[in-house]
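[1] Below: sequence and its predicted model.
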Amino acid sequence: KPAAMHTPRLEMIERGQVSRSMAIGERPVTILGRHGGVADILLDDPSLSRMQAALYNSSSATFLADLDSAHGTWYDAAGRTHAVPQLGVRLDHTAEPQQLAEGATFRLGSSKVVYRVAGCEPVKLARWRPPPWAEEPARKCYLEVRSNDFSNPYLEHLREGEGGDVDEELPLCGRATVFGRKAEL
């Protein structure tokens, strides 16, 4: 399972106020509907299908999909919380799931309850900095990158001791050397 980069919470909004809130980031899929044997979140509303909608979590985003419900799932990117059914855009059950933006809301069927997933934005990670105790090396240092192949047949006797020819020498300079795709400080 990839590390979660966001912490989504499902908020239920009634009469303009958040009445309930629950963490949904631990589950890869959360089913909303009125059938207690199938739905993870049971909603008591006759206008809803047994399996109305699904919330999908990846490591960095949450998605909403309609599950071919009779009265539809309505997505509102503007995040309006008015108690008006069918406000926003109806999701097509055959389309790709809708990625939820921070502050966006959705409605299920003709219910007047509004739902919002908070915490959709990825957590901003602090940029790594060398620790204060790290000092620049007193002499030149290099990291030797070696392969396990010996290109020089005269060096085969080093196979057990050295581990291959030096392919590249990387200078280790400054208080820290960072390796990776984006090795910037």
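    In hand now; what should we look at? Numbers count the residues shown, from 1 in each chain.

[2] shouldn't Ala104 be in contact with Tyr75?
    Yes - between Ala104 and Tyr75 there is a contact under C-beta atoms under 8 Å: 6.8 Å. For the C-beta atoms, the positions are set from N, CA and C on the backbone; glycine is no exception.

[3] Any idea which residue is closest to the centre of the protein?
    Nearest to the mean C-alpha position of the chain, counting by C-alpha atoms, centre = their mean, stands Ser60 at 1.3 Å.

[4] dump the residue contacts of it.
    Contact analysis of Ser60 by C-beta atoms under 8 Å, 6 or more residues apart in numbering lists Met5, His6, Pro122.

[5] can you put those in a markdown table and add neighbour count, distance to Leu32 and pLDDT?
    As requested, these are exported to a markdown table (neighbours: other C-beta atoms under 10 Å; distance: C-beta to C-beta, whole Å; pLDDT from 0 to 100):
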| residue | neighbour count | distance to Leu32 | pLDDT |
| --- | --- | --- | --- |
| Met5 | 14 | 23 | 70 |
| His6 | 18 | 19 | 80 |
| Pro122 | 13 | 24 | 72 |
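
[6] I'd like these laid out as TSV, including distance to Glu169 and secondary structure.
    Putting these into TSV (distance: C-beta to C-beta, whole Å; DSSP: H, G, I helix; E, B strand; the rest coil) gives the following:
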residue	distance to Glu169	secondary structure
Met5	35	coil
His6	40	coil
Pro122	37	coil
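
[7] out of the residues you listed, who's nearest Lys112?
    Using C-beta to C-beta, His6 is the member of the contacts of Ser60 that lies nearest Lys112, at 28.2 Å.

[8] where do the contact lists of Ala104 and Tyr75 overlap?
    By C-beta under 8 Å, 6+ apart, no residue touches both Ala104 and Tyr75.

[9] State the phi and psi torsions of Val145.
    Dihedral angles of Val145 (phi, psi; degrees, to the nearest 10) stand at phi -100, psi 120.

[10] now the closest residue in space to it that isn't next to it in sequence, what's its secondary structure?
    Once flanking residues are discounted, Val145 sits nearest to Glu168: 4.3 Å by C-beta to C-beta, 6 or more residues apart in numbering. Secondary structure, DSSP: H, G, I helix; E, B strand; the rest coil: Glu168 is strand.

[11] Many thanks, we can stop here.
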